[in-house]
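[1] Need a 3D model of the sequence below.
(one chain, ligands or ions: 1)
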Amino acid sequence: MIGAVPVTVVPLAEVVVVENESAAGELVARSIVALIAAKPDAVLGLATGLTALPIYRALARTLADNLVDVSRVRGFALDEYVGLPAGHPGSYRSVITREVVEPLGLTPTNVHVPDGDLAGIQTAALNYEQALLESGGVDVQILGIGRTGHLGFNEPGSSFGSITRIKTLTEKTRADNARFFDSPGDVPLHCITQGIRTILRARHLVVLAFGESKADAIAAAIEGPITASQPGSAIQFHPHVTVVVDEAAASKLANLAYYKHAWLHKPPWQGL
Ligand code: GLP
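    Sure thing, here's the model as predicted:
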């Protein structure tokens, strides 16, 4: 161990270019199943958004095929909208139940989503931060990235020191997420999200992106200057990051040939 970092960890973002989303799902699912086998009460950091779905689908299959006991696995979602009625299909509580808890067979009470109900909004963020700390921390955090470069709902300008709090969504993010609502005006203005500092406390970050529309955000996150204007660039501070992308999302990376070379020659003992 070097401090809290196992020596098998490469202290830079490892970029893995996969053929398609289902290959990404298989790769990440295998690594999560190995984690659960070693730590049956592992804490999974759960992203919503379309990007994470192939991971959950592959994970559900792999867990079932290997008869893995997930009854003690815990989960924490990254974020939630503020003010949606309970049970709204677009709420991240609903998404996490539908796409993660049910297909993976997790114990519902082990899976937490920030509480976006207006009634308790003054205390919800700190309560969530506290629950995360008390869990012992996230073992593997699945992350998508927004076109604005956001992680969770940390929009450009979010402090790298931020913890779970209420944020205002950009109009670009509201427009991107309108596909999950009946009309664009229904997308809430506010959200509750883990902060950048909260996210960086996870022991392993797995950042996923597919398609050309994510190429700029991925290049800025991995190779751009570290700046609050690109929240994704905060991953450069983390000692254990795996970025899994398709060719289109990887297309603006200056060091792409090197990342491919490094992956091809990755020592077999290293794991993700
Ligand atoms: C959403 C979520 C993020 C997600 C990102 C990308 O707004 N809050 O957690 O990673 O934006 O979404 P998608 O994967 O659908 O492109």
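[2] Looks like Ile163 contacts Ile199 (just checking).
    No - if you go by Cβ atoms under 8 Å, Ile163 and Ile199 don't touch, sitting 9.8 Å apart. Where you see a C-beta, it was placed from the backbone N, CA and C, and this is true even at glycine.
[3] Let me see the ranges of the strands in the stretch 101-250 of the chain.
    For the stretch 101-250 of the chain, the strands defined by DSSP state E, counting those that start in this stretch cover 111-112, 140-143, 165-168, 190-193, 205-209, 241-246.
[4] ok, now which ones touch Leu104?
    Taking Cβ atoms under 8 Å, 6 or more residues apart in numbering, we find Leu104 in contact with 56, 59-60, 63, 70, 73.
[5] try 7 Å
    Going by Cβ atoms under 7 Å, 6 or more residues apart in numbering, Leu104 touches 56, 59-60, 63, 70.
[6] Contact residues of the chain facing the ligand?
    Proximity of the chain to the ligand (Cβ under 6 Å from any ligand atom) is limited to residues 47-51, 78-79, 144, 146, 152-153, 173, 177.
[7] Flag every buried residue along the helix or strand of the chain with the lowest mean pLDDT.
    Sorted by mean pLDDT, DSSP states H and E, the helices and strands of the chain end with helix 171-177, the least confident at a mean of 93. Across helix 171-177, burial judged by 16 or more other Cβ atoms under 10 Å covers 173-174, 176-177.
[8] in this structure, which spans are helices?
    Using DSSP state H, the helices found in the chain span residues 21-38, 53-65, 92-96, 102-104, 121-134, 171-177, 196-200, 215-223, 247-250, 256-264.
[9] Nearest to the ligand within the stretch 51-200 of the chain, name that residue for me.
    Gly144 (2.4 Å; Cβ to the nearest ligand atom).
[10] Surely that residue touches Pro54?
    No - in this structure, Gly144 is not within contact of Pro54 by Cβ atoms under 7 Å, at 11.1 Å.
[11] Nearest spatial neighbour of the residue sitting nearest the centre point of the chain, chain-adjacent residues omitted?
    For the chain, the residue sitting closest to the mean C-alpha position, by Cα atoms, centre = their mean, is Leu143 at 2.0 Å. Distance criterion Cβ to Cβ, 6 or more residues apart in numbering; nearest residue to Leu143, sequence neighbours excluded, is Val207 at 4.7 Å.
[12] that older thread, could I get the helices of the chain as CSV with distance to Ala86?
    Shown next, in CSV, are the helices of the chain (distance: least, Cβ to Cβ, whole Å):
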stretch, distance to Ala86
helix 21-38, 29
helix 53-65, 23
helix 92-96, 8
helix 102-104, 17
helix 121-134, 14
helix 171-177, 19
helix 196-200, 25
helix 215-223, 32
helix 247-250, 35
helix 256-264, 44
